[in-house]
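S.K.: Mind folding the following:
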Amino acid sequence: MATPPAALAFSTDNCTIGRAMAVLGERWTFVVVREVANGIRRFDDMRRHTGMPRQVLTDRLTLLVEHDILRRVAYREDGQRERHEYRLTDKGFELFPVMLAVAEWGDRYYADDDGPPVEFAHRDCGASIAVAIRCAEGHELAGPRDLVSRPGPGVKPFGD
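M.R.: Here you go, the predicted structure:
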């Protein structure tokens with residue numbers, strides 16, 4: 001009989017991946033983050049650009065503001081009522097490596113025959129951006145098989 005994975009001994013009740021996905025896991029949520037990251041910050045522009053239903057966009061913006069990923073900034077065009085646009089917070093900017101990793105994966109498996117619709121480049125030198133996995137000592141891992149998970153300080157035994 002095979003030895004069961006060690007992870008079966010630990011609870012997933014406080015899993016930070018699960019908690020993060022409770023906020024980010026719905027398709028349209030990351031689309032909103034993408035739009036704001038690309039400079040599309042106003043509700044009507046986002047709705048028009050994505051085709052997202054009005055209520056879905058409202059719900060996603062509310063969620064992202066509540067979780068301090070976006071912040072609302074008031075603006076008023078001449079003769080119009082005050083409205084809001086959305087900006088990434090520091091917490092929102094920290095999602096860039098996640099977005100880049102998803103984009104790399106999507107480019108590899110889901111791009112059209114012509115290639116990906118967007119490329120990411122270093123602002124200073126113009127070189128392409130790639131996500132890398134590094135340990136705290138600075139070693140770059142060749143791939144996910146070069147890492148292992150281990151219990152962290154917040155681990156709780158399964159069944160407690």
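S.K.: Next, give phi and psi for D44.
M.R.: The phi and psi torsions at D44 (degrees, to the nearest 10) take the values phi -60, psi -40.
S.K.: Name the single longest helix found in the protein.
M.R.: helix 96-110 (DSSP state H).
S.K.: Now do the buried residues in that one.
M.R.: Residues A103 are the ones in helix 96-110 that count as buried (16 or more other CB atoms under 10 Å). C-beta here means a position set from N, CA and C on the backbone, and glycine is covered the same way.
S.K.: One more: stretch 38-49?
M.R.: I40, R41, F43, M46, R47.
S.K.: Which two among those are spaced furthest apart?
M.R.: Greatest spatial distance among the buried residues of stretch 38-49 (CB to CB): R41 and R47, at 12.3 Å.
S.K.: Next up, the contacts around the residue lying closest to V118 once chain neighbours are set aside.
M.R.: The shortest distance from V118 to any non-neighbouring residue, by CB to CB, 6 or more residues apart in numbering, is to A103 (7.2 Å). Applying CB atoms under 8 Å, 6 or more residues apart in numbering to A103 gives the contacts P116, V118, F120.
S.K.: got the phi/psi numbers for T58?
M.R.: The phi/psi pair for T58 (degrees, to the nearest 10) is phi -60, psi -50.
S.K.: Next up, the contacts around it.
M.R.: T58 neighbours (CB under 8 Å, 6+ apart): F43.
S.K.: ok, it to F43 distance?
M.R.: Remark: distance between T58 and F43 (CB to CB, to the nearest Å) = 8 Å.
S.K.: Not counting its neighbours along the chain, what's nearest V32?
M.R.: V32 sits nearest to R60 (CB to CB, 6+ apart), 4.7 Å away.
S.K.: Isn't the one you found up against W28?
M.R.: Yes - using CB atoms under 8 Å, R60 is in contact with W28, at 5.2 Å.
S.K.: Using the three-state scheme, assign R34.
M.R.: Following DSSP: H, G, I helix; E, B strand; the rest coil, R34 is assigned to helix.
S.K.: how many other residues sit next to it?
M.R.: The tally of other residues near R34 (other CB atoms under 10 Å) stands at 17.
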